[in-house]
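Asks: Here's my sequence, what's the structure:
(4 chains)
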Protein chains: 4
Amino acid sequence: MKKPTTKIAHHTTEAIYIRGASLVDDLIGKLTFTEMMYFQLLGVRPTPAQTKILDAVLVTLMEHGLTPSAIATRLIYDSCPEAVQAAVAAGLLGVGSTFIGTMEGCAKNLEEILAAPGNEAIIAKAIARRFREAKQPIPGFGHPHHKPDDPRSPRLLALAGEAGVPGHHIRALRLLAVEVDAAWGRHLTINATGAIAALLGEIGVPREVARGVAVVSRAAGLVGHIREEQLDPSARHIWDVVTENVPYSGQ
Amino acid sequence: MKKPTTKIAHHTTEAIYIRGASLVDDLIGKLTFTEMMYFQLLGVRPTPAQTKILDAVLVTLMEHGLTPSAIATRLIYDSCPEAVQAAVAAGLLGVGSTFIGTMEGCAKNLEEILAAPGNEAIIAKAIARRFREAKQPIPGFGHPHHKPDDPRSPRLLALAGEAGVPGHHIRALRLLAVEVDAAWGRHLTINATGAIAALLGEIGVPREVARGVAVVSRAAGLVGHIREEQLDPSARHIWDVVTENVPYSGQ
Amino acid sequence: MKKPTTKIAHHTTEAIYIRGASLVDDLIGKLTFTEMMYFQLLGVRPTPAQTKILDAVLVTLMEHGLTPSAIATRLIYDSCPEAVQAAVAAGLLGVGSTFIGTMEGCAKNLEEILAAPGNEAIIAKAIARRFREAKQPIPGFGHPHHKPDDPRSPRLLALAGEAGVPGHHIRALRLLAVEVDAAWGRHLTINATGAIAALLGEIGVPREVARGVAVVSRAAGLVGHIREEQLDPSARHIWDVVTENVPYSGQ
Amino acid sequence: MKKPTTKIAHHTTEAIYIRGASLVDDLIGKLTFTEMMYFQLLGVRPTPAQTKILDAVLVTLMEHGLTPSAIATRLIYDSCPEAVQAAVAAGLLGVGSTFIGTMEGCAKNLEEILAAPGNEAIIAKAIARRFREAKQPIPGFGHPHHKPDDPRSPRLLALAGEAGVPGHHIRALRLLAVEVDAAWGRHLTINATGAIAALLGEIGVPREVARGVAVVSRAAGLVGHIREEQLDPSARHIWDVVTENVPYSGQ
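Replies: The predicted model follows:
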C-alpha cells in the first residue's frame, strides 16, 4: 500500500505553510475566516460569490436559541467550567442526523436529480413520490413552526441569485419543490436546511463535509451560550426545572 | 432567586431574532461569519478594525498540521464515519491547557499590568521575575521551533497597529516582552498565543471565552482533516505506525 | 401528549432509590458493579448466569492495546490533563460503526433467524447468501489477525453453555456459522463481536444498547491508558512518529 | 530520550495478553468486571477486600437521577440516535470539577494528613482551618439535601471496615471530620465523595485516576438513561420545558 501523505500543512523554522500558501505572508490579514475555511477545506481560494454564500450559510446556522445542543453545552459548562472546549464539544455532539441529517439527505436528492440531465423533472417527481409513498418526511422540506414558509429559505436563495452562482443545485431544488407540493397535495416550505443544501452544492462543498460546516458555525453559537452562562447562569435552574417536569413514576 | 433568562435568541412564526436583530433582514447576507460570531458573543456589532483582527486571529489558529487534535479527529472519523461531529468533537477536546492555556495565562498577565496604570513597567518586571524565579515558562513567550522569533507574532501585532485599535494590551505585551528578556538574560520570542492574547484583549473578547475562539477556528481546521481523510485516508496507517513505535515491554 | 416521566431514580432527605431499591440498604455492598449495571439498564436484577455472562463480555471488550480509541485518549489527555473525563470521552467517540457496529449487525441477523421458528436454518442460509452475493463482510464473522479462529469466541460460547442460558441466540449463531462457511466456500471464524452479540441476546440486553455495554467496558480500558500515560508518557512520541510517517506532499 | 513503550497489552495470532495474562485462559470467565478494571488500571489483581470496595464505590457513583450529565446524554441521544457512544460521551464530559473534583480535593487533603505521621491531628486541624478561613467549602464535607448526614457515607465506611482494609485513609478522614465540625462550629456530614476518596485511597487507586473511576461508573448510569429514552422519551419535553422556563428577555 502506498503510504499516506498530507497536503494540508508543513512548516520550517521561519515559516508556516497551509495548502501551499505562507500563513504569515499570504493568509493572515488577507483572508477572512470564511475564505480561510474554504481554502482549508477545498484547497482553492473561494471566489467572492462563494465567500458570500458560505458566509450566509454560516450566519444562518450559528444560533437557534435554547436548542438541545445549547442546553447540553450550558449544563456541561456548569459541571466543568475549567474546560470550555468540553462544553462546546458536548453541544456539537448533537449536530447529528435528527436536525442536520436533513441537509445531507436533501443534498443527496439534489445530486440524484443533477445526475440525470434532460430528465431532471422526471427524477424530481420520482423522488417526491418515493418519499410520499414511504410516508417519510422529505429532507429539506416542511417546518413545524415557520408556516407557510421558512423565512430563511427565500433570503438564502435570493442571495445566491444575486451573488451569481452556476445555479444547478438551486434549479434542482426548485424542481423538487414543485413535485413535493404535487405529491403531498399541499404546500411544503423549502426549509433552511434544504436551501443550505442547495447553496453548499453551488459553491462546491461536498455533501460528505456539509455537516462539518454546520459544526463550525454552531461552535461559535455555543461559545455565545457559554458567555451568557458566565454572566447570567441558567444551568442550575435548568436542572431543577427538568427534575420537576420529568417526575419519578417508578414503584 | 431571580429566574434566569436568555438575551440571545427568540422567534415567531415569521421571523427569527438574534441579539435583537432579524436573522433574515439584518444578518444573513449582511454580516460575515466573523462579524456574526462577534455579535453572537458580545451582543454588539464589531467595528471594521475589530473584525479585521478577529479574522486574523481565527485564520492564525485554524491549522497546524498533524497535531494531537488532528490525529484524534482522523482516528475517530475512521472508527465512526457516520458522525462527523463526533470526530470534530474528539479533536476539539484537545484545545486544553497545554497548548491554548498559554493564551489565557498571557491574557491574565496583561490584565494584571493594565490594572496598575502608572506602574505598568513595574508590574511587568514583577511578573517576569515571578515566573523566572519559579522556573516556570511564562505564557505567551518562547517557541520550540520558531527561533529567534515566531513569524506570526510581528505580523499579528503589525496588523493590529494598522487596523487602529486602542493599543493598551499590545503596549502591555511589549512591556512584558522587555522584562521577560531581561529576567531570562536572553531573547524569548513573543509567540502566537501571546500576540493573540493581546489582540483579543484589544477587541474586547473576554479572557473567559478566548479558548472558545480557538475552538471555533480549530473546528474548521479539523473539518479540513476529515476531508483529507475521506480522499486520502491515513488513520489505519497511523494506527500501525503507533503500534510499531510504542512497542510492548511488559512481561 | 402524556408528559414523560422517569422510572430510574429518586431521593428523599434520608434515602436514595434506584429502580425502586434503596441505594444504601439494598445495593451498596450487596451488588457488584456488573449486577448493578444490569439492574440500572433493565430494571431487574440479573440471575447468576446473566451476571457471569455480562462479566465475561465486559472483560473481553475492555482492552485491545493501542487502538485508535486508546491513541485518541492519550493524545487528548496530554493536551488537557486537567480533564480526565474529556480524554476518556474522546476515545469513546470511536466506539462507532467500524468496530462495534458489527456486534449490532450480527445481533440483527440473529434476531431475524429467531423470528422464524421452524425455518431458522433456511433464514440463516438466506442471510449468509445475501451478504455473500452483495460481496459484503458478514458482521460477526472473520478476523484479520486471528486465524483460523478467534480464540475469544469458543471461550465465550463455552462459558455461556456452562452458565446455563436459554441458548436460542447461540443456536442461531451456530446455524449462521455453518451457512457462512458454506456460502463463502471456506471457514470464517465466529469473531468476538459475533459471540458477544449472541451472549448479550441470551441475557436480554437489547441490541439498541449493546454498543453502550462496549462503551462502559472500553471506558475502563481507556482509564488504564491514561494511567500509563501519567507514569510513562507516549503522547509526544506518538505526535512525532505520526508527523514523520504521514509526510507533507503538497506543493 | 528513551522511546516510550506500553506494558498494557499485546497479541499473537492465537492469543491476546493483557498485563501479562492470557485474556482467554486467565481472564474471561475468571475475573469480574471490577477485578478486571482494577487489574487493567494497576497491573495487579485485587484482593477480595479491594474488589468489594471498588464494587461499592462503582455502585454508589452510577446513578443520581436527572443530573446535568443525564440530561445532556438524553438530549444528544435524541439529536444523534445513530451514535450511542456520542450521547454517553456528552454526559461524561460533565464529570468535572464541580461535582467530582471534590473527591480529588478530599483525597489530596487525606494525603496531606497521612504524609505527616505523628502529627496527623495537627495537620487535619490546620487543613480544616485553612478552608474555613478562606471561606471555602471543604471538599468531601457537607451536602445540600442530605442532612444531618449523607446516608451513603456511613454505609461505605462500614463496608470498608468489614472488608478489612489497612484503614489509614479512613482514619485520616475521621480525624479531618472532627476538625471540620470544630472549625465550622456545627456538624458537616462526610459526604459520599469524601467517603469514596478515603475508600479509593484504601485500595490503592491513585488520586490522579479517581475521576476515571467515576467516569466508568457514570457511563453505565448514562446507558440506563439512553435505554429509558428509547422506551419513554423525554428529550423533546425537556427542550420545551427549558425554553419556557428560561424565557427571552432581550430587546
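Asks: CA atoms for contacts and neighbours, from now on please.
Replies: Noted.
Asks: show me where chain A has strands.
Replies: Counting by DSSP state E, chain A has strands at residues A:9-11, A:16-18, A:21-22.
Asks: As CSV, those strands with mean pLDDT would be great.
Replies: CSV is the format used below for the strands of chain A (pLDDT from 0 to 100):
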stretch, mean pLDDT
strand A:9-11, 95
strand A:16-18, 96
strand A:21-22, 97
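Asks: With respect to residue C:115, which of those strands lies nearest?
Replies: Smallest distance to residue C:115 across the strands of chain A (CA to CA): 53.6 Å, for strand A:9-11.
Asks: Work out the sheet partners of the closest one and label each with its direction, please.
Replies: strand A:16-18 (antiparallel) (DSSP bridges).
Asks: can you list the residues that contact the partner strand?
Replies: Under the criterion CA atoms under 8 Å, 6 or more residues apart in numbering or on different chains, residues A:8, A:9, A:10, A:11, A:22, A:23, A:24, A:40, B:63 lie in contact with strand A:16-18.
Asks: now, which of the residues you listed sits nearest chain D?
Replies: Among the contacts of strand A:16-18, residue A:11 lies closest to chain D (CA to the nearest CA), at 23.3 Å.
Asks: quick one: average confidence on stretch A:62-82?
Replies: The average pLDDT within stretch A:62-82 is 97.
Asks: residue contacts, residue A:116?
Replies: Applying CA under 8 Å, 6+ apart, the residues contacting residue A:116 are residue A:123.
Asks: can you pull the pLDDT of it?
Replies: So, for residue A:116, pLDDT stands at 95.
Asks: again with residue A:105
Replies: 97.
Asks: looking at it, it is touching residue A:137, isn't it?
Replies: No - in this structure, residue A:105 is not within contact of residue A:137 by CA atoms under 8 Å, at 10.7 Å.
Asks: which of the two has more neighbours?
Replies: The residue with more neighbours, out of residue A:105 and residue A:137, is residue A:105; 18 against 12, by other CA atoms under 10 Å in any protein chain shown.
Asks: Export the strands of chain A as a markdown table, with columns for distance to residue B:56.
Replies: Formatted as a markdown table, the strands of chain A follow (distance: least, CA to CA, whole Å):
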| stretch | distance to residue B:56 |
| --- | --- |
| strand A:9-11 | 18 |
| strand A:16-18 | 15 |
| strand A:21-22 | 14 |
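Asks: Can you add mean neighbour count and distance to residue C:116 and give those back as CSV?
Replies: Below are the strands of chain A laid out as CSV (neighbours: other CA atoms under 10 Å in any protein chain shown; distance: least, CA to CA, whole Å):
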stretch, mean neighbour count, distance to residue C:116
strand A:9-11, 20, 56
strand A:16-18, 23, 58
strand A:21-22, 15, 62
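Asks: need the contact list for the residue nearest to residue A:160 when sequence neighbours are not counted.
Replies: Excluding the flanking residues, the one nearest residue A:160 by CA to CA, 6 or more residues apart in numbering or on different chains is residue A:53, at 6.4 Å. Counting by CA under 8 Å, 6+ apart, residue A:53 makes contact with A:159, A:160, A:163, A:199, A:200, A:203, B:29.
Asks: same check, this time on residue A:207
Replies: For residue A:207, the contact set (CA under 8 Å, 6+ apart) comprises A:104, A:107, A:108, A:200, A:201.
Asks: what's the closest of those to residue D:214?
Replies: Distances from residue D:214 to the contacts of residue A:207, taken by CA to CA, are shortest for residue A:104, at 37.2 Å.
Asks: Once you drop chain neighbours, what's closest to that closest one?
Replies: residue A:207 (6.1 Å).
Asks: Residue A:139 too?
Replies: Leaving out its chain neighbours, the residue that sits closest to residue A:139 by CA to CA, 6+ apart is residue A:102, at 4.6 Å.
Asks: what about the lengthiest helix in chain A, distance to the chain center?
Replies: Longest helix in chain A, counting residues (DSSP state H): helix A:210-231. Relative to its parent chain, helix A:210-231 has a centroid offset of 12 Å by CA atoms, centre = their mean, to the nearest Å.
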